[in-house]
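A.B. asks: next one to model:
(one chain, ligands or ions: 2)
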Amino acid sequence: MTYDALLLLSFGGPERPADVRPFLENVTRGRGVPPERLDEVVEHYLHFGGVSPINRLNRDIITAVEAEFASAGTDLPVYFGNRNWHPMVEDTVARMRDDGVRSALVFPTSAWGGYSGCRQYHEDVARARAAVDGAPELTKVRQYYDHPLLVAAVAEAIVAARQQLPEAQRADARLVFTAHSVPVAADASAGPPSGGGRLYSRQVAEAARLSAAAAGVDEYDVVWQSRSGPPQVPWLEPDICDHLDAVAASGATAVIVCPVGFVSDHLEVIWDLDTEARDRSAELGLGFVRAGTPGTDRRFARLIAELVAEQTEGAPARRLGVEPLYGVGTNGALCAIDCCAPPRRPGRPPR
Ligand SMILES: CC1=C(CCC(=O)O)c2cc3nc(cc4[nH]c(cc5[nH]c(cc1n2)c(C)c5CCC(=O)O)c(CCC(=O)O)c4C)C(CCC(=O)O)=C3C
Ligand SMILES: [Fe+2]
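C.D. replies: Numbers count the residues shown, from 1 in each chain. Ligands and ions are numbered 1, 2, ... in the order given. Presented below is the predicted three-dimensional model:
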């Protein structure tokens, strides 16, 4: 197939204090997130001056991809659109149409299956196209959680993180992987209905296994972070901060936290890990170091170029894992019928 553009599709984040609340209202509309939780998250963003790092990091990724395309002779302009904040994907798709783009590939900044990590990006594509007369065809690329370039970048970050610990703490530092928690019900329905569910947590477990092995680490844990939603709704556990108690009790001297679930240093990484988990570790007398994320690694831009080549040239899909892999769809078509069904929210009519 031929395509005439690439759209990097992401979550979005505020870039000034006045945008924090409207951004959070976009994120949580109709999702049953209690106002108390929202107030807390407003504070997290204000702690960083109301500026999320996410848009800047995505622009950096785009610059790296443009360089990658230029050196490979790939003539593909790269556009940037978000689900929740400016540049909004609807506006970007309108601009693509105005620029004469007829058919584009979509790279989502989530590597994962599941409702939040995959299906919601298909929904964003469908919504943007519905809003724009004459919108281009938009084909989303596949999930890439176990791509060899991603695993290599994560593994290298783990090795580099260990080196930052005082020498005496390096040998028994515990490696702990984290990913964004989701409701247990959302994980249960992740993947096609025939696939047994839990696609998201299975992929996270596999990414952790592959990254630990590539970093030469035998023992590690996989835990969750950034839980949202009302307290009575179960989400994937344990939370990183609770888990640190267990790590300290086990006699480890330090912890290496690897946010394998995030492509770059989003607000959840710099708040929930670099601030909260670091403070908790200090209280427990545990050394703390956080592994970097792969988005800024040159290999990540190459990964994007490879996913593009899979679609344009039929290049083989390079991967290290064995869990099911989905994610390709045109114009918002789901990966499979009823794939990653959104959980019914109590008190709301089904959509
Ligand atoms: C699986 C997953 C990923 C990874 C895959 C991917 O990358 O897409 C992810 C990424 C992100 N989540 C982000 C921010 C937020 N997520 C929220 C809320 C939620 N996340 C959820 C899941 C995920 N989220 C869920 C199930 C909710 C509950 C509401 C709902 O059902 O949708 C809220 C609401 C407030 C709160 O935290 O309660 C915020 C502000 C940012 C941007 C941060 C920045 O500014 O740098 C990023 C990259
Ligand atoms: Fe989130």
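
A.B. asks: what parts of the chain come near ligand 1?
C.D. replies: By the rule C-beta under 6 Å from any ligand atom, the part of the chain lying against ligand 1 is 11, 13, 24, 27-28, 31, 33, 37, 41, 52-54, 109-110, 112, 116-117, 180, 182, 226, 228-229, 261, 266-268. Yep, even glycine has a C-beta here, placed from its N, CA and C like the rest.

A.B. asks: residue 315 and residue 72, how far apart?
C.D. replies: According to C-beta to C-beta, to the nearest Å, residue 315 stands 12 Å off from residue 72.

A.B. asks: strands of the stretch 1-150 of the chain, start to end?
C.D. replies: Using DSSP state E, counting those that start in this stretch, the strands assigned to the stretch 1-150 of the chain run over residues 5-10, 78-82, 103-108, 137-140.

A.B. asks: and the residue nearest the centre of this protein?
C.D. replies: For the chain, the residue lying nearest the average C-alpha position, counting by C-alpha atoms, centre = their mean, turns out to be residue 110 (3.7 Å).

A.B. asks: please identify the most buried of the strands of the stretch 1-150 of the chain.
C.D. replies: Each of the strands of the stretch 1-150 of the chain was given a mean neighbour count from mean count of other C-beta atoms under 10 Å, and the largest, a mean of 25, is that of strand 5-10.

A.B. asks: quick one: residues contacting residue 184.
C.D. replies: Contact criterion C-beta atoms under 8 Å, 6 or more residues apart in numbering gives 234, 235, 236 as the residues in contact with residue 184.

A.B. asks: over to residue 247?
C.D. replies: By C-beta under 8 Å, 6+ apart, the contact list for residue 247 reads 174, 176, 221, 255, 284, 286.

A.B. asks: those residues, buried ones only, as a PyMOL selection?
C.D. replies: Only the buried entries of the contacts of residue 247 go into this PyMOL selection, using 16 or more other C-beta atoms under 10 Å:
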select buried, resi 174+176+221+255+286
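
A.B. asks: just the contacts of residue 247 now: which is nearest residue 91?
C.D. replies: Nearest to residue 91 among those: residue 176, at 39.1 Å, using C-beta to C-beta.

A.B. asks: beta partners for the closest one?
C.D. replies: Residues found in beta-bridge contact with residue 176 (criterion: DSSP bridges) are residue 221, residue 257.

A.B. asks: where's it relative to ligand 1, distance?
C.D. replies: From residue 176 over to ligand 1 the distance is 18 Å, taken as C-beta to the nearest ligand atom, to the nearest Å.

A.B. asks: and that residue, how far from residue 246?
C.D. replies: With distances defined as C-beta to C-beta, the gap from residue 176 to residue 246 amounts to 10 Å.

A.B. asks: thinking again about what came up before, among the contacts of residue 184, who's most crowded?
C.D. replies: Neighbour counts for those peak at residue 236, which has 22 neighbours (criterion: other C-beta atoms under 10 Å).

A.B. asks: right, and it touches residue 181 too?
C.D. replies: Yes - taking C-beta atoms under 8 Å as the definition, residue 236 is a contact partner of residue 181 at 4.6 Å.

A.B. asks: so where do the helices sit in this protein?
C.D. replies: Along the chain, the stretches classed as helices by DSSP state H are 20-28, 35-47, 54-72, 89-98, 120-131, 148-164, 167-170, 184-188, 199-214, 240-249, 267-268, 278-284, 298-313.

A.B. asks: buried set for the third one?
C.D. replies: Right, helix 54-72. Within helix 54-72, the residues that count as buried by 16+ other C-beta under 10 Å are 54, 55, 57, 58, 61, 62, 64, 65, 66, 68, 69.

A.B. asks: so what's the closest residue to residue 146 other than its chain neighbours up against?
C.D. replies: Closest residue in space to residue 146, ignoring its immediate chain neighbours: residue 321 at 3.4 Å, by C-beta to C-beta, 6 or more residues apart in numbering. Neighbour list for residue 321: 145, 146, 203, 206, 207, 210 [criterion: C-beta under 8 Å, 6+ apart].

A.B. asks: tell me how many other residues surround residue 36.
C.D. replies: By other C-beta under 10 Å, 10 other residues sit near residue 36.

A.B. asks: quick check: the gap between it and residue 229.
C.D. replies: If you measure residue 36 against residue 229 using C-beta to C-beta, the figure is 11 Å.

A.B. asks: again with residue 329
C.D. replies: Distance of residue 329 to residue 229, computed by C-beta to C-beta: 27 Å.

A.B. asks: the two - which one has more neighbours?
C.D. replies: It is residue 329, of residue 329 and residue 229, that has more neighbours when counted by other C-beta under 10 Å, with 23 against 20.
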